[in-house]
Every structure is written in C-alpha cells, then in structure tokens.
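Chemist: need coordinates for the below:
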Amino acid sequence: MKNHILLGKLLMNAFKILGKAQNEIESDLKNFKFTKELEIDFKNINFKESFKKNFFTLLIISILLESKVSKKHIVSYSKIITYLRQIVTSTDNMIDNEDKGLIFIKSLKNKMVSNSLIMLICQNFLTKECLELNEGKDIAVKKIFDKIYLIAMSESLRDKSQYLEYPNEKYILEKIHSGIGGELLKISLEAPLVIEENSKLREYSNGIFEIGMALQALDDFFDIEEDEESGKINLLRSALLYSEKDEEVVREEYLKKVSENAYNGFKILEDNEFPINKKEAKKVLKKLFELRGLKEYVSILD
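Modeler: Presented below is the predicted three-dimensional model:
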C-alpha cells in the first residue's frame, strides 16, 4: 500500500513537470514565423489520459525525481525526452509514409518534407537544452546521437532480405532488440546520465534497458503478421520457426518470458529504492497487454 501511494505521488508530480515542459515547448515554438501552421498534440490532457499516452515518459521523469535531480533540470530533460520521441516518430513516419506524433505542420501536405522539418526543429531545441544544461559542453548531444545511430543500425538489421537463414532468438535479442528496444527506451536518460553523474540514476537506467527489451518483445508478438508482410525480422517468428512445440504453447511461453524480463527490469528499480513492486509492475504490464490488444493473454501474468 505504501509503495502504491508513493508511486502515485511520484507519477502525479511527474505529470505536473511534463505539463510545465510542454508549456515551455509551446512557447519555444512560437518563435517561428510559421507558428500558426504548427499543431501540438499535448494540449488539455488530464492525468488519466496522460498516464495512458505518456506512461514511460512519466516513469522516466519519476526516476529523475527519485534520483534527486533538481526540478529545473528535470523540466529541461522532459523537453529533451519530448524532442527525442518526436525525432524517433518522425523517422518512422518517413519510413512508413505516416503522420503521427506530437508536433505537426498543417500546411505541409508532403509527409517526407513535413517530418524532415519537424526533425530539424526538434534537433535544434534538443541541442539547445543540452548545451544550456551542461555549460556549453556538447558531450550529451554527442552521446544521444551516438545512441540514435546505434538504434538506426539495429533497425537496419531487421530487413529479412539480408539473411540466408532466419536469425535465431539470441541474435535478434543481442543485435536488434538491444538497440530498438533497450537503448530506445534508455535513450531518454542519456543526457542526465552524462550531465548529472548520478550513480543511482545509472542503476535505474539498467532497469529501464531491461524493460525496453521486454516492450520490444511484446511489440514483436503483436506485430508478427505486419512484420512478415513488410519483410522485417520478428522475435516471435524466430521462436516459432525453431521450436517443435505447438504454436499456442510457444506463444504462451514467449509471453511468460516477456513478462519475466519486464519484472526483472522493474525489480532493478525496486532494489534501488524506487517505489514499485511486483504487484504494481503487474498492473502496468496488464495495462500494456490490454492497450496492445492482448487482453486474452493477461491471465499469463498472474
């Protein structure tokens, strides 16, 4: 019960900080002449809606709060996280010819052009925040873009056409999921890891990496057919190909492993005094299963 109350307070404080960061982002974006053409998708969101839409952003902010990082810095890190989210989303948009995310340019109908400009805007503000936080030093910016390159390399390895044989689970986890799963979630902590030099934060980042790995494995479960159609390597597909067990058994064992890995990540957080236990982690995973259309498999988590 105590953990539940403490976690709730942390997430509520994180929500307030995220709101302040979003207000500052809106203010920053008003400096452009074409500001009337910009549309921002985080207006008027209450805590319940934000919890569903931004849970992992709120979790990262909560970790920064629990690590005793100054609130002024956390607002800046929250802005950096938002810019990173949009950069990653805009990249996906250009690959998939889509128009998703938090920031949009209404007058640009060409998705490639629109997403390219949004990425430039976000990169500019991300760099500005990092330089201000670290007294003009650009080491945090370099670290972030090194990680973006690593994530991009992992994504490039998903192309099935480059393999003579379908990769096994070990290869996928080490070469692909480590980038597009673990590092993709952990990248939100890259700037504070460099700037704050906080040992507790470093331990928390290990837990976030494990949770990111589990989330990508969960996405592979949900996206198996879509990945097959688009020629992408998929962890569940590999598990099915190299197992002699019944397909439904493999699927259930796969999800059990995903949940165990996620619990391991949350356990690292708990072991370093973050107010979350297995009961709370289970609630989070159940909600993620439901949001990803896997409600019939929720019982596996019990």
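Chemist: so how far is residue 203 from residue 119?
Modeler: Per CB to CB, to the nearest Å, residue 119 is found 32 Å from residue 203. In short, each C-beta sits where N, CA and C put it, glycine included.
Chemist: where along the stretch 101-250 of the chain do the helices fall?
Modeler: Assigned by DSSP state H, counting those that start in this stretch, the helices in the stretch 101-250 of the chain fall at 111-133, 139-156, 169-171, 184-186, 190-196, 199-222, 224-229, 235-241, 247-271.
Chemist: right, and the helix or strand after the longest one?
Modeler: Scanning the chain past helix 247-271 towards its C-terminal end, the next helix or strand to appear is helix 278-291 (assignment: DSSP states H and E).
Chemist: any buried residues in that next one, and which?
Modeler: 280, 281, 282, 284, 285, 286, 288, 289 (16 or more other CB atoms under 10 Å).
Chemist: again with stretch 230-237
Modeler: So stretch 230-237, judged by 16+ other CB under 10 Å, has buried residues 232, 233, 234, 235, 236, 237.
Chemist: what about the longest helix in this protein?
Modeler: helix 2-29 (DSSP state H).
Chemist: picking that back up, which one's more surrounded, residue 119 and residue 203?
Modeler: residue 119 (20 against 16; other CB atoms under 10 Å).
Chemist: export the buried residues of helix 278-291 as TSV, with columns for pLDDT and distance to residue 225.
Modeler: Compiled in TSV, the buried residues of helix 278-291 are given as follows (pLDDT from 0 to 100; distance: CB to CB, whole Å):
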residue	pLDDT	distance to residue 225
280	84	32
281	84	28
282	82	28
284	79	26
285	78	22
286	78	23
288	73	19
289	72	18
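Chemist: among these, which two are most distant?
Modeler: 280 and 289 (15.3 Å; CB to CB).
Chemist: just checking, what packs against the lowest-mean-pLDDT helix or strand in the chain?
Modeler: Here the helix or strand of the chain ranked lowest by mean pLDDT, DSSP states H and E is helix 278-291, holding a mean of 78. Under the contact definition 3 or more CB pairs under 8 Å, 6 or more residues apart in numbering; DSSP states H and E, helix 278-291 sits against helix 2-29, helix 47-66, helix 199-222, helix 247-271.
Chemist: could I get those helices as JSON lines with mean pLDDT?
Modeler: Formatted as JSON lines, the helices and strands packed on helix 278-291 follow (pLDDT from 0 to 100):
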{"stretch": "helix 2-29", "mean pLDDT": "89"}
{"stretch": "helix 47-66", "mean pLDDT": "91"}
{"stretch": "helix 199-222", "mean pLDDT": "94"}
{"stretch": "helix 247-271", "mean pLDDT": "93"}
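Chemist: for residue 138, which of the ones you listed is the nearest?
Modeler: Of the helices and strands packed on helix 278-291, nearest to residue 138 by CB to CB is helix 2-29, at 19.4 Å.
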